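S.K.: Sequence plus predicted model, see below.
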Amino acid sequence: MADVIPLRGVNAKTTPVIDIWRVGRLHHVQLQNVIAQVGLPAENVVIDASAALEQKNLIQDIRNLGGRLILDTNVAEISSVGKVSKRLRNAPWAPEVGVLSVSTMSASDRTALVDAIAEYAVEHGYQRVIAPSHVLKGGLNTPVFDLDRALCGELRTALDRIGGSYVAVDYCLILQHTVLKVSEEREAIKLGLKNIPFDNLWIRAAGFGSDATPAAIQNFIWNLLLLHSLRRGMIADYVDGLAAESAMYFGAVSAVSRGLVASGRFDVGSWDKVPKNRSPQDSGPPVRIPVFGIDGTLTRQEFQLIGSNPRLRRLVSCGRDCCASGFSDMEQAPKIHAVRSRRLQIDEINSVPDLHRPSHFLSQRMSRSKSLAIQIAKIDSGSEKLDRKFAKAAKRITEAERSLQELEVRVTKDFGRSRAFYADRFAGVKLGRSEK
Ligand SMILES: [Zn+2]
């Protein structure tokens with residue numbers, strides 16, 4: 001019998017998901033080892049405007065390796081009294097003192113700001129810019145939302161005027177994750193952004209991230225699915241772990257952006273308060289090691305502590321396809337472990353047809369994570385603090401499984417094949433969501 005060619009119907013449709021790497025403050029030297037061993041952590045890379053100057057060499061390497069550069073203007077940060085810092089003032093458009101106040105700028109100053117961003121993006125070879133936006137405190141009913149929408153349109157015009165029409169513009173909504181639950185707020189988002197010229201919608205949801213509660217994960221996915229009628233690409237900003245994976249598996253977003261071993265959560269709690277003490281040398285977060293079985297990270301010290309227990313050691317170690325020597329590789333090179341495990345995660349999602357993704361997630365990833373979490377929680381780690389942490393992780397993952405099982409039924413019924421996509425004009429992806 002001749003070879004049978006499988007019939008590819010709608011059931012086999014696969015909408016690609018992608019990983020977006022936020023470089024943050026990493027230095028070239030910190031990454032040389034990672035890049036030498038595993039290449040670029042992800043093809044799409046966000047550079048903070050405030051760090052770009054000191055990351056000149058790193059950015060050149062990323063470019064040489066075929067990375068696609070996305071510019072974060074850091075306008076939200078330099079507009080916030082509790083966030084702006086000496087380091088953030090390195091953004092080319094940051095004021096020397098005080099905060100950036102676009103709303104009180106003269107028309108000519110505002111044009112100069114937008115032009116500066118457009119010129120910078122073109123001159124430095126960015127393929128995409130996240131339009132300047134601000135924290136929407138208390139929801140969408142604020143003049144700040146009007147301002148941000150106007151800035152997005154002005155940036156598009158400025159780019160087109162200087163020959164940068166090839167540079168894509170994305171929009172970033174920065175709000176409390178609970179705002180997304182309110183139907184009036186979601187309607188305001190849809191109405192407000194409908195005619196704004198941008199490709200992808202980044203959702204930077206404060207209070208939501210890799211440690212989100214099961215209810216928050218369920219709500220996040222559901223509420224983003226309700227925004228699909230906007231017909232734009234959807235990206236979860238600063239989300240990691242099972243929260244990020246489930247949002248991709250359920251088709252709510254087609255991409256997540258995150259740092260290598262941190263940045264899995266976003267908060268604005270102190271952005272509007274002047275900090276009492278700011279350390280002059282802010283060295284960034286300490287090294288943390290991602291552990292799938294607890295859907296979280298451990299500090300190097302915690303990791304070493306459990307290393308003396310053979311059973312715990314086995315349970316927290318990743319598979320050989322990620323770190324060949326398991327535990328010791330994770331401990332010695334957490335960044336490489338993070339890159340490899342995320343790649344495997346993304347590849348696995350992309351290998352499953354859209355329709356089967358939620359069930360695959362629940363029966364494979366979620367159930368494996370739960371089984372590991374329960375086993376880990378049963379073992380005396382020798383540290384009360386860690387025991388509490390492991391017990392909490394097991395409870396959270398068990399509840400998340402139940403919550404997402406419920407969600408699967410609702411999503412299948414109400415959204416069918418609706419899938420978020422990543423709008424990428426360079427890859428020829430057309431705007432317009434997948435069929436429902
Ligand atoms: Zn690993």
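M.R.: Cool, the structure landed.

S.K.: what packs against the top helix by length along the chain?
M.R.: Determined from DSSP state H, the single longest helix within the chain is helix 384-415. For helix 384-415, the packing partners by 3 or more Cβ pairs under 8 Å, 6 or more residues apart in numbering; DSSP states H and E come out as helix 214-225, helix 241-249, helix 300-306, helix 357-360, helix 367-378. (Glycine included, C-beta is placed from N, CA and C.)

S.K.: Need these in CSV (columns: mean pLDDT and mean neighbour count).
M.R.: Output for those, formatted as CSV (pLDDT from 0 to 100; neighbours: other Cβ atoms under 10 Å):
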stretch, mean pLDDT, mean neighbour count
helix 214-225, 97, 21
helix 241-249, 96, 26
helix 300-306, 93, 16
helix 357-360, 95, 19
helix 367-378, 97, 18
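
S.K.: what's near enough to touch the residue in the stretch 51-200 of the chain that the ion sits nearest to?
M.R.: In the stretch 51-200 of the chain, the residue that lies nearest the ion is residue 65 (21.6 Å; Cβ to the ion). Taking Cβ atoms under 8 Å, 6 or more residues apart in numbering, we find residue 65 in contact with 35, 39-40.

S.K.: which one of these has the most neighbours?
M.R.: Counting neighbours by other Cβ atoms under 10 Å, the top entry in the contacts of residue 65 is residue 40, with 19 neighbours.

S.K.: Wait, a strand at that one?
M.R.: No: Residue 40 sits outside any strand when classified using DSSP: H, G, I helix; E, B strand; the rest coil, being coil.

S.K.: who's in contact with it?
M.R.: Per Cβ under 8 Å, 6+ apart, neighbours of residue 40: 21, 62, 65-67.

S.K.: Could you do residue 100 as well?
M.R.: With Cβ under 8 Å, 6+ apart, residue 100 has these contacts: 75, 78-79, 84, 93-94.

S.K.: what two of those are the furthest from one another?
M.R.: Longest distance between any two of the contacts of residue 100 is 12.2 Å, between 84 and 93; criterion Cβ to Cβ.

S.K.: Could you measure from residue 375 over to residue 387?
M.R.: 14 Å (Cβ to Cβ, to the nearest Å).

S.K.: Identify the contacts common to these two.
M.R.: In contact with both residue 375 and residue 387: no residue, using Cβ under 8 Å, 6+ apart.

S.K.: picking that back up, narrow the contacts of residue 40 to just the buried residues.
M.R.: Those of these that meet the buried threshold are 21, 62, 67, by 16 or more other Cβ atoms under 10 Å.

S.K.: Helix or strand for the second one, just tell me which one.
M.R.: Under the criterion DSSP states H and E, the helix or strand holding residue 62 is helix 56-64.

S.K.: Could you pull up the mean pLDDT of that helix?
M.R.: Helix 56-64 comes out with an average pLDDT of 93.

S.K.: Kindly report the same for stretch 36-48.
M.R.: Across stretch 36-48, pLDDT averages out at 94.

S.K.: what distance separates the start and the end of that stretch?
M.R.: Using Cα to Cα, to the nearest Å, one end of stretch 36-48 lies 23 Å from the other.

S.K.: okay, and for the stretch 151-300 of the chain, where does confidence drop off?
M.R.: Applying pLDDT under 70 to the stretch 151-300 of the chain flags the ranges 262-264, 275-285.

S.K.: what bridges to the residue of it at minimum distance from the ion?
M.R.: Residue of the stretch 151-300 of the chain nearest the ion, by Cβ to the ion: residue 290 (8.2 Å). Using DSSP bridges, the bridge partners assigned to residue 290 are residue 297.

S.K.: which residues sit in contact with it?
M.R.: So residue 290 contacts 240-241, 261, 296-297, 334, 337-338, 341 (Cβ under 8 Å, 6+ apart).
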